[in-house]
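Novice: give me the fold of what follows.
(2 chains)
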Amino acid sequence: MSGLLERAHTVRQSNVWIYTTMMLSACVSLLASFVLSVDAIALAKNPTASLACNINATISCGTVGISWQAHLLGFPNAFLGMVAEPVVITIAVASLAKVRFPRGFMLAAQVVYTLGVIFAYWLFFQAMFVIGALCPWCLLVTLSTTLVFASLTHINLRDNNLFLPERAHEAARAGLRMGLDVLIVVLWLAAVVALVFAKYGLALFA
Amino acid sequence: MAQKNSKQKNNKARAFSSATKSEPKSTGSTAESRRELMRLQREREAREKKVRTGVTIGIVAVVVAGILAGLIWLVPALAARKSAAADPYALAIGSATASVTVDIYQDFMCPYCGQFDRAQASDLAALVDAGTVKVDFHIMAFLDDSSNGTKYSTRAANAFVAVAQREPSKALAFNSALYQNQPAEGSNGLTDAEIADRARQAGVSDSLAATFASLQNVDFVSRSNQAAFDAGVTSTPTVKINGAAFKGNLYAAGALKDAVTKTVGSK
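Specialist: Numbers count the residues shown, from 1 in each chain, chains lettered A, B, ... in the order given. All right, here's what the predicted structure looks like:
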């Protein structure tokens, strides 16, 4: 049991694991963005278009899709995902092939992706508390964005691509070795799920 | 010796500050100090392993607790909702354990409801008596405007609700009694006294029949009417068998019984 845990721990710290997680999550995010973009076009043609993901009053991408929040910058948010996720996939695939990017490049990726995560969670909270409906594809984006962010941050903390001072870098590395990052992500996602259930409860299954 | 000690201290400090770059660069790196460093690293690894195990247990605990909490909360809540989902305005007649539920949405002023009842009533009564069928009556009163202002739909419904709730064993008979010689749409309908008479003929007690005129169930009737519309009912009679719309001929004797028999057989 302990040996298995240590093996899992070693695997988790490996580049293959981290970049594979990043790549798969980014692919999921890209797929969801693609579906949301197609839906956005359908909704632009006909705001009452019936979408496959309109399951009930609570789980409805139509309701979310026609909100102003869904095209904050004047175009569907999902277009951003279609632009950004292929970059992440490229980084992940190249890294799996042992390419190592300059620290400044990875720092830039971290900064931009952090903005993306903030935007994704802003949308999530808008959908939860303002629009009052959740869309399955958006939730998938929220989840996969979180995972991409976690893996990107893992790499950048480990390799100190964030130009942290030595002490902070060492503390971060120790945290990663002890699995604190996984704990944070799990607690975070658990909190998100708990929030959804606390807010909507049985309405999710109506 | 004293010098060596201080160097070792120095190395020790470095070992803490740069964990894996533990190769000491200092000039006096003897085998002894290297051993000391390795010992420190082992200690650190042991410490981290301990924390890591704790963290892993924590993660597993969070996930398991989440799943358990979800199940503990969700399963009974869903089960409760399923039973609560039953229309509170459904007037159930028959055994609660009957394998088939027939929902009937009706308005006593609606001629086709009468035609439906006259065609199916005897089969329905037999199926209810046999414990095969439970009928959920959903009373509507949207034809109130078709009785010259006497609101016959509501008055008849009011009486039927009273009977269904308090003397349910007489409900089917009373229901049919209201549809025998049914007053035509656009007429004044039956008077309250006539409704009470038909109730008594169907076996309803005098004391209950005497309450009809006080229209105690009018609120229930209007809410039941609204609930039926909310449920998507657009015409009467609407008949469902175990929740699925009855697609047979509503007015052909035996058609409902056949559908019920088929439903029982398919179980």
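
Novice: number of residues surrounding A:Val11?
Specialist: Counted with other C-beta atoms under 10 Å in any protein chain shown, residues neighbouring A:Val11 total 11. Where you see a C-beta, it was placed from the backbone N, CA and C, and this is true even at glycine.

Novice: which helix or which strand is home to it?
Specialist: helix A:2-13 (DSSP states H and E).

Novice: who's in contact with that helix?
Specialist: Outside helix A:2-13, the residues that touch it by C-beta atoms under 8 Å, 6 or more residues apart in numbering or on different chains are A:Trp17, A:Ile18, A:Arg158, A:Leu176, A:Arg177, A:Gly179, A:Val182, B:Lys49, B:Arg52, B:Thr53, B:Thr56.

Novice: so who does the fifth one touch?
Specialist: The one in question is A:Arg177. Neighbours of A:Arg177 in contact, by C-beta under 8 Å, 6+ apart: A:Gln13, B:Glu48, B:Arg52.

Novice: so which of those residues comes closest to B:Ile195?
Specialist: Closest approach to B:Ile195 among the contacts of A:Arg177 (C-beta to C-beta): B:Arg52, at 79.2 Å.

Novice: the closest one sits in which helix or strand?
Specialist: Taking DSSP H and E as the criterion, B:Arg52 maps to helix B:31-84.

Novice: that helix: how far from the chain's middle?
Specialist: Its chain's average C-alpha position is 37 Å from that of helix B:31-84, according to C-alpha atoms, centre = their mean, to the nearest Å.

Novice: counting by contacts, list what it packs against.
Specialist: helix A:2-13, helix A:166-177, helix A:180-200, helix B:2-17 (3 or more C-beta pairs under 8 Å, 6 or more residues apart in numbering or on different chains; DSSP states H and E).

Novice: B:Ala209: which of those helices is closest?
Specialist: Per C-beta to C-beta, nearest to B:Ala209 of the helices and strands packed on helix B:31-84: helix A:180-200, 48.0 Å.

Novice: tell me the buried residues in the closest one?
Specialist: Using 16 or more other C-beta atoms under 10 Å in any protein chain shown as the test for burial, helix A:180-200 gives A:Leu180, A:Asp181, A:Val182, A:Leu183, A:Val185, A:Val186, A:Leu189, A:Ala190, A:Val192, A:Val196, A:Phe197, A:Tyr200.

Novice: quick check: closest non-adjacent residue to the fifth one.
Specialist: With sequence-adjacent residues excluded and distances taken as C-beta to C-beta, 6 or more residues apart in numbering or on different chains, A:Val185 is closest to A:Ala150, at 4.9 Å.

Novice: tell me the spacing between that neighbour and A:Tyr121.
Specialist: Shown here: A:Ala150 relative to A:Tyr121, a distance of 13 Å by C-beta to C-beta, to the nearest Å.

Novice: what about the two, which has more around it?
Specialist: When A:Ala150 and A:Tyr121 are compared for neighbours, A:Ala150 comes out ahead with 20 against 15, by other C-beta under 10 Å.

Novice: and the helix or strand hosting the more buried one, what's its mean pLDDT?
Specialist: Following DSSP H and E, one finds A:Ala150 within helix A:136-158. Here helix A:136-158 scores 94 as its mean pLDDT.

Novice: nearest to B:Asp206, of the helices and strands packed on helix B:31-84?
Specialist: helix A:180-200 (51.9 Å).

Novice: roughly how far out does that closest one sit from the chain middle?
Specialist: Offset of helix A:180-200 from its chain centre (C-alpha atoms, centre = their mean): 13 Å.

Novice: tell me the angle of it relative to helix A:136-158?
Specialist: Orientation check (axes from the mean of the first three to the mean of the last three C-alpha atoms, to 10 degrees): helix A:180-200 against helix A:136-158 gives 160 degrees.

Novice: contacting residues around helix A:180-200?
Specialist: A:12, A:58, A:124, A:128-129, A:134, A:142-143, A:146-147, A:150, A:153-154, A:157, A:175, A:204, B:55, B:58-59, B:62-63, B:66, B:70, B:73.

Novice: which neighbours does the helix or strand that comes right after the helix holding B:Arg52 have in its sheet, and in what orientation?
Specialist: Downstream of helix B:31-84, the first helix or strand assigned by DSSP H and E is strand B:91-93. Strand pairing for strand B:91-93, using DSSP bridges, gives strand B:133-139 (antiparallel).

Novice: could you export the strand it pairs with as PDB, CA atoms only?
Specialist: Included here for strand B:133-139 are C-alpha records, laid out as PDB according to Å, rounded to 0.1, in the frame of the first residue of the first chain:
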ATOM      1  CA  VAL B 133     -56.100   0.000 -11.100                       C
ATOM      2  CA  LYS B 134     -55.800   3.200  -9.000                       C
ATOM      3  CA  VAL B 135     -57.500   6.100 -10.600                       C
ATOM      4  CA  ASP B 136     -56.000   9.600 -10.100                       C
ATOM      5  CA  PHE B 137     -58.800  12.100 -10.800                       C
ATOM      6  CA  HIS B 138     -57.600  15.600 -11.800                       C
ATOM      7  CA  ILE B 139     -60.500  17.900 -11.500                       C
END
